[in-house]
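# sequence unknown, structure follows:
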């Protein structure tokens, strides 16, 4: 009986520290990555999406996982575990990287922050948190300690063209990173200690704030209160997905997984083949499995394309879609797909099989949307 109780507990979804705030704000709660999160609020996905593109939106991203990597061999471990290069970072800098398996497939994609020479802060995807942490433990060597600190941290994303204006009301300039993919450790926002990171998953300006879980609800309320004039509203997973789609940002489990290499999904910029070695390098060099490429599709026919739908060129299947949606800001449906390398070029006309009927689409450049600086 105890075993079945434990099984039941394993299946229970976790709540982020902001769960009650979401319910209070009318959030429609759904399970995602092992957590209960709002897919949208009463405003709806389209209004939330448009708020981020034109004003500002606030997201609860506390489901993401955080791992500390510390010790004399911390850097050497990161260099072996990850495809990107980390030996030329300054303190406070962030760097994106895939983490590969021996076959060159992707274990996860993540962000590493350098706090100091022997102290790194790693942010991983929610659904992969335990898998990633175990992978790190299984491959660690030398003087290094990996610690899963996910339960201690909450994460809020303040995104949109007005995001920095709102932030400046609540903190001093010294607490705001000067550059994209940089963070200020030991910052304070509204008197609450946090890490302020100039990063995001929306294609807009903004920050992600990491703070003690116990302060999450207080920070959430303060930000919403202070962002009222700027049109700040809470946003759910639905808008997070449509925003990252417009910005053509890959999502683990869609554009990549254990079978898809980072090179296939267009992440070559974060794979440093000149590096001495890393897990998966030999497989990538041997070009195993790199027979596909990620492309963008603009729907020209009638219908919405979703994931796992066949892409046809001249009646022949050339690949499958990985994500698809109607884009509120662009005003038309788009999709991303993994297709045979070299099978299409920009402007190629393809068809996507949607529930037994064919929907026409055109291969288009990524990203679909890019904010004007």
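On my side now, so go ahead. In this text the structure is predicted, and so the values were computed from the model without any measurement. Numbering: from 1, shown residues only.

# from residue 180, how far out is residue 161?
Per Cβ to Cβ, to the nearest Å, residue 161 is found 15 Å from residue 180. Backbone N, C-alpha and C define where each C-beta goes, glycine included.

# what about these two, which has more around it?
Taking other Cβ atoms under 10 Å, residue 161 and residue 180 do not tie; residue 161 has more neighbours (17 against 11).

# got the contact list for that one?
Neighbouring residues of residue 161 by Cβ atoms under 8 Å, 6 or more residues apart in numbering: 53, 54, 55, 56, 204, 205, 371.

# which of the residues you listed count as buried?
Buried members of the contacts of residue 161, counted by 16 or more other Cβ atoms under 10 Å: 53, 55, 56, 204, 205.

# pretty sure the last one is touching residue 160, no?
Yes - applying Cβ atoms under 8 Å as the test, residue 205 and residue 160 come out as touching, 7.1 Å apart.

# parallel or antiparallel, list what pairs with the helix or strand where residue 122 lies.
Assigned by DSSP states H and E, residue 122 falls within strand 119-124. Within its sheet, and counting by DSSP bridges, strand 119-124 is paired with strand 65-70 (antiparallel), strand 106-116 (antiparallel).

# so which other helices or strands are in contact with the helix or strand just after that strand?
For strand 119-124, the following helix or strand on the C-terminal side (DSSP H and E) is helix 129-139. In terms of contacts (3 or more Cβ pairs under 8 Å, 6 or more residues apart in numbering; DSSP states H and E), helix 129-139 is packed against strand 65-70, helix 74-81, strand 106-116, strand 145-148.

# buried set for helix 129-139?
Residues of helix 129-139 classed as buried: 129, 132, 133, 135, 136 (neighbour count, 16+ other Cβ under 10 Å).

# can you check stretch 207-222 too?
207, 208, 209, 210, 211, 213, 215, 216, 217, 219, 220, 222.

# do a quick rundown of the strands in the stretch 201-350 of the chain.
For the stretch 201-350 of the chain, the strands defined by DSSP state E, counting those that start in this stretch cover 206-212, 233-234, 292-299, 310-313, 316-327, 332-340, 349-354.

# ok so, going back, any idea which of the buried residues of stretch 207-222 is closest to residue 228?
Of all the buried residues of stretch 207-222, residue 222 has the smallest distance to residue 228: 11.4 Å, by Cβ to Cβ.
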